[in-house]
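**Q** Compute the structure for the input listed below.
(chains A and B)
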Amino acid sequence: MSGAGRKLNHVWRIFATGVVFVLLGVGALVLSITMFPVLRLTSWNADTARRRIQRGMQLTFRAYMEIMRALGILTFHVEGAERLRESGRLIVANHPTLLDVVLLVSQMPEVDCIVKRGLWRNPFLRWPVSWAGYLPNSEGEALIEECSATLRRGHSLLVFPEGTRTVPGESPRMQRGAAHIALAADSEILPVTIDCDPPTLFKGNPWYRVPARRFHLNVVVGAPVAARDFVRGDEVPARAARRLTRWMLEQFDAGRMLRSNPGEASASAWLPAVQPFTR
Amino acid sequence: MSVTIKSREEILEHLRGVLSDLYELRPEQIVPEANLYTDLDLDSIDAVDLFLTLKEITGRKIQPQTFKDVRTVNDVIDAIQALTSKPAG
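**A** Just a heads-up that it's a prediction; the model follows:
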């Protein structure tokens, strides 16, 4: 691409990113008073409606991803997407960008999410999030109890154990809540690593600071493991939670290492290599 | 399993055992000025576990608000000392 062409492409991507952000915001409000209430009314049964609304979320987010791809903002690839469609697992992912939720939910016809509890005070958004059965991010044990209950009902739950978006080059401080949820529910854990190249939309990076070239989101879905494989004998859950949290960080670090040493190994070869502790 | 703990040193020694056993900590990390959350990396769930364990060890009824303001190992020692100095009830 020539210098002028590159400049034009850069300006275009700033413009397109702005358009998409407005579309995300306006779209959320419009769908809150159109598609989601209609989906809610398609069944008397709240659980049936919940499933349809989650499917509506997936299709909405898939549309956003395809719009962004069509506008030349990004490309994306998901390795192992079929495992995201199997239900009943705690899905743990690292959190490099603002679009991680959009991308992952666009791959899952049915998944519970933890969302900001402030949304329950929003006159538009409170309805779709409650009809979808999403969980408000309450405090400590209450949240862990609600999350493990949803897993025990056979739902999938998406969690970002790092708690917040990460900053490139900085090691995140892992929260142990995700591990406590999986242990309390005695569920399987599906590790997902997301890589954004070049980094953009990370914590503290404004949307208009678009990267030098179109960015690529690469998602690798690892192999599921059982939470109970991390429990030794009759020790306290605190220890198993630490062990499980370390394992999650290893999965995420493996993904981050791939990014700094591209071509060294394929991601699919890397992930199953790290095995959990077994009794 | 109630134990009688008297001096602060004895309580600290006991806490070293409890904390290192529960949370994979090295005994030398457990000093009076260590902050449970920032230095010892405990989270709110761990704090509840610790609270229950101490209840078992001291054999006393501990009010949740006693532990609400606890930040450091020293605070834990203070709380235990306050509890065990009172007659068992």
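**Q** Just want to check the distance between A:S43 and A:V231.
**A** Computed as Cβ to Cβ, to the nearest Å, the A:S43 to A:V231 distance reads 39 Å. Using the backbone N, CA and C atoms, a C-beta is placed for each residue, glycine as well.
**Q** ok, now which ones touch the residue of the stretch 51-200 of chain A found nearest chain B?
**A** As assessed by Cβ to the nearest Cβ, chain B sits closest to A:G140 within the stretch 51-200 of chain A, at 4.2 Å. Going by Cβ atoms under 8 Å, 6 or more residues apart in numbering or on different chains, A:G140 touches B:43-45, B:48.
**Q** Please pick the buried ones from the residues you listed.
**A** By neighbour count, with 16 or more other Cβ atoms under 10 Å in any protein chain shown, the contacts of A:G140 hold B:43, B:45 as buried.
**Q** I'd like the contacts of A:G140 as JSON lines, with pLDDT, secondary structure and distance to B:K68 appended.
**A** Shown next, in JSON lines, are these (pLDDT from 0 to 100; DSSP: H, G, I helix; E, B strand; the rest coil; distance: Cβ to Cβ, whole Å):
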{"residue": "B:D43", "pLDDT": "86", "secondary structure": "coil", "distance to B:K68": "15"}
{"residue": "B:S44", "pLDDT": "81", "secondary structure": "helix", "distance to B:K68": "11"}
{"residue": "B:I45", "pLDDT": "82", "secondary structure": "helix", "distance to B:K68": "15"}
{"residue": "B:V48", "pLDDT": "81", "secondary structure": "helix", "distance to B:K68": "12"}
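**Q** Out of the contacts of A:G140, which comes closest to chain A?
**A** Nearest to chain A, judged by Cβ to the nearest Cβ, of these is B:S44 at 4.2 Å.
**Q** got a list of what the closest one touches?
**A** By Cβ under 8 Å, 6+ apart, the contact list for B:S44 reads A:139-141.
**Q** what separates it from A:R242, distance-wise?
**A** 15 Å.
**Q** what do you get for A:L59?
**A** Distance, A:L59 to A:R242, using Cβ to Cβ: 39 Å.
**Q** shouldn't A:A16 be in contact with A:I73?
**A** Yes - the pair A:A16 / A:I73 is scored as a contact, 5.3 Å apart, by Cβ atoms under 8 Å.
**Q** Compare the two (neighbour count), which wins?
**A** Neighbour tally, A:A16 and A:I73, criterion other Cβ atoms under 10 Å in any protein chain shown: the higher count belongs to A:I73, 21 against 18.
**Q** Surely the more buried one touches A:R13?
**A** Yes - using Cβ under 8 Å, A:I73 is in contact with A:R13, at 5.8 Å.
**Q** Check which residues of stretch A:188-197 are buried.
**A** Of the residues in stretch A:188-197, A:188-196 count as buried by neighbour count, 16+ other Cβ under 10 Å.
**Q** same thing with stretch A:80-89?
**A** For stretch A:80-89, a neighbour-count test (16+ other Cβ under 10 Å) marks A:80, A:83-84, A:87-89 as buried.
**Q** Go back to these and keep what's next to chain B.
**A** Within the set of these, contact with chain B (Cβ under 8 Å from any Cβ of the partner chain) is found for no member.
**Q** Among the residues you listed, which are located in helices?
**A** Of these, the ones assigned to helices by DSSP state H are A:83-84.
**Q** Closest to A:G204 out of the buried residues of stretch A:80-89?
**A** A:G204 lies nearest to A:L84 out of these, by Cβ to Cβ, at 28.4 Å.
**Q** ok, now which ones touch that closest one?
**A** Residues counted as contacts of A:L84 (Cβ under 8 Å, 6+ apart) are A:78, A:91, A:104, A:107-108, A:111, A:190, A:192, A:221.
**Q** run the last query once more with 7 Å
**A** A:91, A:107-108, A:221 (Cβ atoms under 7 Å, 6 or more residues apart in numbering or on different chains).
**Q** Columns neighbour count, secondary structure and pLDDT on top of those, output as TSV?
**A** Output for the contacts of A:L84, formatted as TSV (neighbours: other Cβ atoms under 10 Å in any protein chain shown; DSSP: H, G, I helix; E, B strand; the rest coil; pLDDT from 0 to 100):
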residue	neighbour count	secondary structure	pLDDT
A:I91	24	strand	98
A:Q107	22	coil	98
A:M108	22	coil	97
A:V221	23	strand	96
